[in-house]
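Student: A predicted structure for the sequence below; I have some questions about it.
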There are 2 protein chains.
Amino acid sequence: MEVKDCLVSAPGKAILHGEHAVVHGKVALAVSLNLRTYLRLKATSDNKVCINLPNIETFVSWDLTKLKHLAHDFCGKREEAQPMDAELVRRLREFMGVTNGNLDSCNTATLAFLYIYISLFKSRELPSLTVSVWSELPTGAGLGSSAAYSVCLAAALLCASGSISTPLKEFDHTARWCQEDLELINSWAFQGEMIIHGNPSGVDNAVGTWGGMLRFFAGKIIPLSRVPLLRILLTNTKIPRSTKVLVAGVKDKINKFPSILTPVLDSVDAISCMCEKVLSQMTSEPITGEHYNILEELIDINQHHLNVMGVGHPALDTLCRVTLAKGLHSKLTGAGGGGCGISLLRPEMDSSVVQNVIQDLRDCGFDCWETSIGGPGVQQHSLFFVKVEVLEVLNRY
Amino acid sequence: MEVKDCLVSAPGKAILHGEHAVVHGKVALAVSLNLRTYLRLKATSDNKVCINLPNIETFVSWDLTKLKHLAHDFCGKREEAQPMDAELVRRLREFMGVTNGNLDSCNTATLAFLYIYISLFKSRELPSLTVSVWSELPTGAGLGSSAAYSVCLAAALLCASGSISTPLKEFDHTARWCQEDLELINSWAFQGEMIIHGNPSGVDNAVGTWGGMLRFFAGKIIPLSRVPLLRILLTNTKIPRSTKVLVAGVKDKINKFPSILTPVLDSVDAISCMCEKVLSQMTSEPITGEHYNILEELIDINQHHLNVMGVGHPALDTLCRVTLAKGLHSKLTGAGGGGCGISLLRPEMDSSVVQNVIQDLRDCGFDCWETSIGGPGVQQHSLFFVKVEVLEVLNRY
């Protein structure tokens, strides 16, 4: 079977408000982060399946004959993503020689690819192809890089197997799938996330698939109809941290001071609701400076609340101080204790000011990107209109 | 009539927790601040009344004959402080030639003195005396310097007029008055505060009189039975601010984001209650590091909440950061927006570390004192045991 080439991308994810509070039954707002992961799928004729993940220096190639042999016992070409085929996962781990213990990110990324690939084709028809991936997202920074990868894998392989059609028409730069196809992409991406993370919430792959913003509350994920695109700076303090330890610390603090911390969680909940309301207003009425004033105030208040929860870090304080000196309001995003922060850019902000802030942040030893939140989810791209730097990387493999 | 000399002192005040929240019906904890105002009353025989206030460069002297003439119409030697004699205030303003507009601090301090002085003696028996005052407190910094002054005035003049006895026995260094006398001192000090401030809460003079800590809630002032003495640093950022503007700003913010700010006030209330509980435990059980850990956590959380209310300031952020770098936890005290901050010192903290922090803070352009909170209220001192530097200043006048 020969497949059609395609190039897809999916965005990362940031938590705008409600990180940690969501663990305690409050609303969180997750938004797409327009640092994207790009995946190019190319048909080949060398009877091989290759995957190239230069971000994590992983380049693997398998002989199709061997894979067809392995896949023979499985019914093949599944329509439904769920439930996960645990026996196939076990066999793939055996095949990769990684049956013992926890897998590193190279192995889980490869395993997720093989699992979706074998599940979506009939065993006899496994196609010869090369998948190359390049991500603008830092990995392991809580920005949904694995979900963006899983969403790209699902979209490209579902198209290659004919389960969904390629939406890109001639002369289009980019195109998106219909709602039904997005549902299918999301459900297969979730399988990838299951393999990579064990017990994902499903938020990251939902953001990667639908983009925009979604409300996450009591385990339910509700995409919001319309949100404005907001310019931001994303800063990675590069301070390593353990989400598990931070989540446990917040829980301990709530247990230690329930009467002090419980109202803070209520306040965070109200921040998420107010933010959602303001963003919705910004799509239905003329955007004013006051909309941005409120968004900035909510960011500042939530950053203080996150410090109260004990998930701040001196590097995040520095990030907030350095950006505020130039009039930007910032908060941590995700687990905190280091990691990443977002700074809102007002539309009128001069690009020379923005470049100055970026330089200030880099002088602190941080990585910093100018990007946006609230942009589109998974997309198919025309090879002729994708960013040159992305194409250059993908063409290398 | 000739009066007995005496030397008295009263402490300043700091808000430990609950500033601003108290305006919205929450608990506040006010504590005595052991930066004291000293007042020496000396009998003279030159038929003059003199007041020397070197802190505010005020030195005034009146001829007793003129004052006796003015006082003649008033019944004199009042036992009860309340209600204020508005006619006497009016006549005193006329006498001082300050009938128009608002008075500056020199005039209000002088007026408060004359009011209490004339009220406590029969008009014919107004004694010839000199009152000299020296304060360790910065004035106008929200640290209750006017109340400490009023408490000293009340205590010294009540003793001089024989309304209360002097508690100091031979060989005592210091002595305090009985509860009944303290009530009388406090009620006359409140009159002084009324003249100086117009509409005082009564908290500052209560702290100056009783010392220790008191709970202020819904207009009621409840002195707490026992509190430990806590070492602190008091830092004055010297950033000027308007309490009125700051209070109005908090109110505006609550009106703008009620669902976000109301829980924050609840959390501050819980902080005050928890702090009171821990301080009470520290007087009834062996003091441990964990007591201090909790006090530090409460300070940090409240400082974040005060920032959420919008009463922070970059100088206060600097103060918190500089002290935290040496392991000290700090918060603003009082109105915020600049002004003063307190930093808790743990008992085991080496004095060289403390000296380093003080130097760091002075390098930021701040004033800084090592002192304590929770110490005694108004006291009478023996001239032989009062601090040399205080006596030197008082002896100059």
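Tutor: Perfect, I can see it now.

Student: On the three-state scheme, the residue lying closest to residue A:357 once chain neighbours are set aside is what?
Tutor: If the residues on either side of it in the chain are set aside, residue A:357 comes closest to residue A:326, at 4.7 Å by C-beta to C-beta, 6 or more residues apart in numbering or on different chains. Heads up, the C-betas are built off the backbone N, CA and C, glycines and all. Classification of residue A:326 by DSSP: H, G, I helix; E, B strand; the rest coil places it in coil.

Student: Just give me the neighbour total for residue A:326.
Tutor: Per other C-beta atoms under 10 Å in any protein chain shown, the neighbour tally for residue A:326 reads 14.

Student: so it makes contact with residue A:353?
Tutor: Yes. Between residue A:326 and residue A:353 there is a contact under C-beta atoms under 8 Å: 6.1 Å.

Student: contacting residues for residue A:63?
Tutor: A:47, A:48 (C-beta atoms under 8 Å, 6 or more residues apart in numbering or on different chains).

Student: Okay, and the beta partners of it?
Tutor: Bridge pairing for residue A:63 (DSSP bridges) gives the partners residue A:48.

Student: near chain B, which residues of the stretch 251-397 of chain A?
Tutor: The stretch 251-397 of chain A comes close to chain B at residues A:257, A:259-261, A:263-264, A:266-267, A:270-271, A:273-274, A:297-298, A:300-301, A:304-305, A:307-308, A:317, A:321, as judged by C-beta under 8 Å from any C-beta of the partner chain.

Student: Next up, identify which helix or strand residue A:360 is on.
Tutor: According to DSSP states H and E, residue A:360 maps onto helix A:351-363.

Student: Which strands and helices lie in contact with that helix?
Tutor: strand A:230-236, helix A:314-324, strand A:367-373 (3 or more C-beta pairs under 8 Å, 6 or more residues apart in numbering or on different chains; DSSP states H and E).

Student: and the first one, how far from the chain's centre?
Tutor: Relative to the centre of its chain, strand A:230-236 is centred 15 Å away, using C-alpha atoms, centre = their mean, to the nearest Å.

Student: returning to that earlier point: derive a ChimeraX selection command for the buried subset of the residues of the stretch 251-397 of chain A next to chain B.
Tutor: Selecting the buried subset of those in ChimeraX, with 16 or more other C-beta atoms under 10 Å in any protein chain shown as the burial test, is done by:
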select /A:257,260,261,263,264,266,267,270,271,273,274,297,298,300,301,304,305,307,308,317
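
Student: Can you list which of the residues of the stretch 251-397 of chain A next to chain B are found in helices?
Tutor: Members of those lying in helices (criterion: DSSP state H): A:259-261, A:263-264, A:266-267, A:270-271, A:273-274, A:297-298, A:300-301, A:304-305, A:307-308, A:317, A:321.

Student: In terms of residue numbering, what are the domains of chain A?
Tutor: A:6-226+A:379-394, A:230-373 (automatic domain parsing).

Student: Residue B:342: which of those domains is closest?
Tutor: Residue B:342 sits nearest to domain A:230-373 of all those, at 18.7 Å, using C-beta to C-beta.

Student: hey, C-alpha coordinates of the longest strand along chain A in PDB?
Tutor: For chain A, the strand that runs over the most residues, judged by DSSP state E, is strand A:28-43. C-alpha atoms of strand A:28-43 as PDB (Å, rounded to 0.1, in the frame of the first residue of the first chain):
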ATOM      1  CA  ALA A  28      -8.900  25.600  35.000                       C
ATOM      2  CA  LEU A  29      -8.500  27.300  31.700                       C
ATOM      3  CA  ALA A  30      -6.100  25.500  29.200                       C
ATOM      4  CA  VAL A  31      -5.200  27.400  26.000                       C
ATOM      5  CA  SER A  32      -3.400  26.400  22.900                       C
ATOM      6  CA  LEU A  33       0.200  27.800  22.700                       C
ATOM      7  CA  ASN A  34       1.300  28.700  19.200                       C
ATOM      8  CA  LEU A  35       4.700  27.000  19.500                       C
ATOM      9  CA  ARG A  36       3.900  24.000  17.300                       C
ATOM     10  CA  THR A  37       5.000  20.600  16.600                       C
ATOM     11  CA  TYR A  38       5.300  19.800  12.900                       C
ATOM     12  CA  LEU A  39       5.100  16.300  11.400                       C
ATOM     13  CA  ARG A  40       5.900  15.300   7.900                       C
ATOM     14  CA  LEU A  41       4.800  11.900   6.600                       C
ATOM     15  CA  LYS A  42       6.500  10.700   3.400                       C
ATOM     16  CA  ALA A  43       5.700   7.600   1.400                       C
END
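
Student: Mind pulling the model confidence for the residue nearest to residue A:357?
Tutor: Here the pLDDT value assigned to residue A:326 is 96.

Student: who touches it in this structure?
Tutor: By C-beta under 8 Å, 6+ apart, residue A:326 lies in contact with A:353, A:356, A:357, A:360.

Student: got CSV for the residues you listed, with pLDDT and neighbour count too?
Tutor: Listed next are the contacts of residue A:326 as CSV, based on pLDDT from 0 to 100; neighbours: other C-beta atoms under 10 Å in any protein chain shown:
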residue, pLDDT, neighbour count
A:353, 95, 14
A:356, 97, 12
A:357, 98, 23
A:360, 98, 17
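
Student: and the two most separated of the residues you listed?
Tutor: Maximum pairwise distance among the contacts of residue A:326 (C-beta to C-beta): 10.5 Å, between A:353 and A:360.

Student: Residue A:73: neighbour count?
Tutor: Counted with other C-beta under 10 Å, the neighbours of residue A:73 add up to 11.
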